[in-house]
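In: next one to model:
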Amino acid sequence: MKTETQPIIISIVTHDSKEIFRVLDHLQQELADTEQFKIIIHDNASTEEYQQKLRTYESFVTLIFSPENAGFGHGHNQVLLHSSAKYGIIFNPDILVKREVLESVVQLLQTDVSLAAVSPKVLNEDGTTQHLVRKRVTVWDYFLRFCPIKFDKKRLARYECHDLPDDRNTIIRMGSGCFLTVDIEKFKEVGGFDERFFMYFEDNDLCLRFEERGYSILYTPFLTVTHMYEKAAHKSLKMFFVFMRSLAQFFNKWGWKWF
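Out: Model (predicted):
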């Protein structure tokens, strides 16, 4: 595909993510014979041992080592807001994806000037769907999601947009920041991620700010990525508090919606 002379930026932010080396080995294999993509890793103050291992990939990726962990959005902003490239992919350090998908999501983004981002279907490693698209978010929906007893499955399914069609592309309100292809010019126009969100909800916030500017986000079920989803907020008390803080920041910013 020869659509742009500029590389497409794959922006990865990590802090001791255990899956990133598997991801980089996979990308190295997929992108071995192309210079179309440039991988930039922003390391948020991982351990010295981890950083040394990252350096073994230096012939393949560009590394930025931050002395502090200022959060997910801050890391991607450091990569994308300073880039002169046209297209970028916000890419979690636990994503596996084929080269054809990387090319196709950018091609989709190029089809309509009103698009700010394209979101593919996200799968678990066993091939089941991770329902990460959102139409609206409320406090009650998050309670249902974290509650171990699933007593309102219909409501939860609506919140997780289980009704997204599998036979056509759809305009959505909010896609997941685990893998989001963005028009960098439009990303810059809205100021990138709001860095007050350390982690969680920054992707929802970004999508709503795209919407405020009149831009759209396209979801495609025809292109898939695999997300080795760790659900840290479900397993770690520390990350749960980070999640709750971001939840409060989000509703303080966009208005509290309880039900």
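In: mind saving the C-alpha coords of the biggest strand by length in the chain as CSV?
Out: In terms of residue count, the longest strand belonging to the chain (DSSP state E) is strand 216-227. Provided in CSV are the C-alpha atoms of strand 216-227 (Å, rounded to 0.1, in the frame of the first residue of the first chain):
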residue,chain,number,x,y,z
SER,A,216,-16.9,10.6,13.9
ILE,A,217,-15.4,7.3,15.1
LEU,A,218,-15.9,4.2,12.9
TYR,A,219,-16.1,0.7,14.3
THR,A,220,-15.4,-2.1,12.0
PRO,A,221,-16.2,-5.8,12.8
PHE,A,222,-14.3,-6.9,9.8
LEU,A,223,-10.8,-6.1,11.2
THR,A,224,-9.8,-7.7,14.5
VAL,A,225,-7.0,-7.4,17.1
THR,A,226,-6.2,-9.7,20.0
HIS,A,227,-6.1,-8.0,23.4
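In: give the pairing partners of it; include direction for each.
Out: Under the criterion DSSP bridges, strand 216-227 sits next to strand 95-96 (antiparallel), strand 115-123 (parallel), strand 170-172 (antiparallel) in its sheet.
In: let me see the mean pLDDT of that strand.
Out: Average pLDDT, strand 216-227: 98.
In: now do stretch 114-133
Out: Averaged over stretch 114-133, pLDDT sits at 97.
In: mind starting the numbering at 58 from now?
Out: Got it, the first residue is 58 from now on, which makes the last one we talked about stretch 171-190.
In: contacts for stretch 215-234, please.
Out: Stretch 215-234 has contacts (C-beta atoms under 8 Å, 6 or more residues apart in numbering) with 129, 147, 149, 165, 174, 176, 179, 187-195, 198, 201-202, 214, 259-261, 263-265, 268, 273-279. Yep, even glycine has a C-beta here, placed from its N, CA and C like the rest.
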